[in-house]
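A.B. asks: Everything below, folded, please.
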Amino acid sequence: MTPDDGDLERRPPLLQCMLAGGLGGTSGDMLMHSLDTVKTRQQGDPHIPPRYTSLGSSYYTIFRQEGIRRGLYGGWLPALLGSFPGTVLFFGTYEYSKRHMLDYGVQPHIAYLLSGFLGDFAASIVYVPSEVLKTRLQLQGRYNNPYFASGYNYKGMTDAARTIVRREGFSALFHGYKATLYRDMPFSALQFMFYEQAQSWAHKWVGSRDIGWQLELLTGAAAGGLAGSITCPLDVVKTRLQTQVVPDPTASATGASPATTQAPTKDGTIKPTGTTESSTTQKLQKRLISTSSPSTHTPRPGAVTLDTSSVFTGLRMIYQTEGITGWFRGVGPRAVWTSIQSGCMLFLYQAILRQLETRMPGEQERTEVA
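C.D. replies: Prediction:
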């Protein structure tokens, strides 16, 4: 799939690329789902002090209290249903766009970059709604969870979807769509530009089409880690915008005290008790939850509240109050996460693609790359 400079680029049938991408991406996402759950709990924990702190203790706590299926693997079904079609759309759009751009003489690095943008945009139509459902179910854990009051209480994926649409409207399934695109489109574009270049160098160094599983893992992990590090500022501002608590302006003006207890309702959310609620004059407090891949950013204590919905304004506010280090807070864990996820996905993609070429032989297109 990846050309050596001056050689012929091997082009497997587009359908094989889409199928390999779907299977590889879904397998990678399922392998990483428990880490995704832990990070979601850490960033969406409304308790003070937080109940989930270090990675190891959080894993153990969730496993001991809630188990695997509804604990560490809570929300696996919407993740699965969104991951496969999302990655199929991504790889199909990426390969189709890349091949046409190269055929029209577009510089390879530009073709890889633009194709990554287009691929992620096409996939976002599927993965954002599924990520909203997945994230809420991950944060909730088991139904009527006695160990963690997340603010959500759905019986399952179908109940979650129906409740969200009924109470919040269909648009709630696309909550955070714009902020997600601002982060994920540049990440995917850089990831695949770096990956194509790394694969080209690896093929040239080995002198063979088969570069071995070690270099397959290394090229994918390096591309993901580097892209994740560069886009860390976008991850920071996205997380701040989507996880900070938006206070109730009515309650602030009247001096009403916030609810101190929560109780599950039939509507699938946990409502505060002990306070008077007026549906026409009082807005419920909102805690927006990040979607897409798990954020590894945790704001420092006393971090400024971003009173804006603009990503660029948020970046400027963080820089003014925290400096350049504020943009790259959590860059280490993010680089580790994106390296592992990218390495697993792209390694499986190449392995499955080779198997498909063997079991489903088809006419291979080849084109010269300058």
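
A.B. asks: just the strands in the stretch 101-250 of the chain please.
C.D. replies: 245-246 (DSSP state E, counting those that start in this stretch).

A.B. asks: what stretches of the stretch 251-370 of the chain score poorly on pLDDT?
C.D. replies: 251-309, 361-370 (pLDDT under 70).

A.B. asks: Likewise for the stretch 1-150 of the chain?
C.D. replies: 1-9, 43-48.

A.B. asks: How far away from the center of its chain is the longest helix seen in the chain?
C.D. replies: Ordering each helix of the chain by length in residues (DSSP state H) puts helix 108-140 first. A distance of 7 Å separates the centroid of the chain from that of helix 108-140, by C-alpha atoms, centre = their mean, to the nearest Å.

A.B. asks: In terms of secondary structure, what does it contact?
C.D. replies: helix 33-44, helix 76-103, helix 157-168, helix 177-206 (3 or more C-beta pairs under 8 Å, 6 or more residues apart in numbering; DSSP states H and E). In this view, the C-beta of every residue, glycine as well, is placed from N, C-alpha and C.

A.B. asks: what's the average pLDDT for the last one?
C.D. replies: Looking back up the chat, that one is helix 177-206. Taken as a whole, helix 177-206 carries a mean pLDDT of 91.

A.B. asks: Contact partners for Val126?
C.D. replies: By C-beta atoms under 8 Å, 6 or more residues apart in numbering, Val126 lies in contact with 82, 85-86, 89.

A.B. asks: Dump the residues you listed to a markdown table, plus distance to Pro333.
C.D. replies: Below are the contacts of Val126 laid out as a markdown table (distance: C-beta to C-beta, whole Å):
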| residue | distance to Pro333 |
| --- | --- |
| Gly82 | 24 |
| Pro85 | 29 |
| Gly86 | 24 |
| Leu89 | 28 |
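
A.B. asks: about what we covered before: make CSV out of the helices and strands packed on helix 108-140 and add mean neighbour count.
C.D. replies: Formatted as CSV, the helices and strands packed on helix 108-140 follow (neighbours: other C-beta atoms under 10 Å):
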stretch, mean neighbour count
helix 33-44, 23
helix 76-103, 21
helix 157-168, 16
helix 177-206, 20
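
A.B. asks: Nearest approach to Tyr59 belongs to which of these?
C.D. replies: helix 33-44 (5.7 Å; C-beta to C-beta).

A.B. asks: how far does the closest one sit from the chain's center?
C.D. replies: With C-alpha atoms, centre = their mean, you get 11 Å for helix 33-44.

A.B. asks: contacting residues for Gly74?
C.D. replies: By C-beta under 8 Å, 6+ apart, Gly74 lies in contact with 37, 66, 137-138, 140-142.

A.B. asks: in a strand, that's where it is, yeah?
C.D. replies: No: assignment of Gly74 by DSSP: H, G, I helix; E, B strand; the rest coil gives coil, placing it outside any strand.

A.B. asks: could we number from 720 for the rest of this?
C.D. replies: From this message on, residue numbering opens at 720, which makes the last subject Gly793.

A.B. asks: Turn the helices and strands packed on helix 827-859 into TSV, including distance to Gly1045.
C.D. replies: Supplementary listing: the helices and strands packed on helix 827-859 in TSV, determined by distance: least, C-beta to C-beta, whole Å:
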stretch	distance to Gly1045
helix 752-763	16
helix 795-822	31
helix 876-887	31
helix 896-925	16
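
A.B. asks: Identify whichever of these lies nearest to Met1064.
C.D. replies: helix 795-822 (7.9 Å).

A.B. asks: mind checking how far Gln1039 is from Phe1047?
C.D. replies: 15 Å (C-beta to C-beta, to the nearest Å).

A.B. asks: looking at the helices and strands packed on helix 827-859, which is closest to Leu774?
C.D. replies: helix 752-763 (6.3 Å).

A.B. asks: In terms of secondary structure, what does that closest one contact?
C.D. replies: helix 774-785, helix 795-822, helix 827-859, helix 951-962.

A.B. asks: Just want the angle from that helix to helix 795-822.
C.D. replies: 100 degrees (axes from the mean of the first three to the mean of the last three C-alpha atoms, to 10 degrees).

A.B. asks: could you check the angle helix 774-785 makes with helix 752-763?
C.D. replies: With the same axes, to 10 degrees applied, the angle from helix 752-763 to helix 774-785 works out at 100 degrees.

A.B. asks: As PDB, could you dump the C-alpha coordinates of helix 752-763?
C.D. replies: Written as PDB, here are the backbone C-alpha positions of helix 752-763 (Å, rounded to 0.1, in the frame of the first residue of the first chain):
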ATOM      1  CA  HIS A 752     -11.600  -0.300  25.500                       C
ATOM      2  CA  SER A 753     -10.900  -0.800  29.200                       C
ATOM      3  CA  LEU A 754      -8.200   1.900  29.100                       C
ATOM      4  CA  ASP A 755     -10.800   4.100  27.300                       C
ATOM      5  CA  THR A 756     -13.200   3.400  30.200                       C
ATOM      6  CA  VAL A 757     -10.800   4.300  32.900                       C
ATOM      7  CA  LYS A 758      -9.800   7.600  31.200                       C
ATOM      8  CA  THR A 759     -13.400   8.500  30.700                       C
ATOM      9  CA  ARG A 760     -14.100   7.900  34.400                       C
ATOM     10  CA  GLN A 761     -11.100  10.000  35.400                       C
ATOM     11  CA  GLN A 762     -12.000  13.000  33.200                       C
ATOM     12  CA  GLY A 763     -15.700  12.800  33.900                       C
END
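
A.B. asks: before we move on, the earlier item: just send the contacts of Gly793 back as a markdown table, with distance to Pro769 too.
C.D. replies: Formatted as a markdown table, the contacts of Gly793 follow (distance: C-beta to C-beta, whole Å):
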| residue | distance to Pro769 |
| --- | --- |
| Thr756 | 15 |
| Glu785 | 17 |
| Leu856 | 20 |
| Gln857 | 16 |
| Gln859 | 17 |
| Gly860 | 15 |
| Arg861 | 20 |
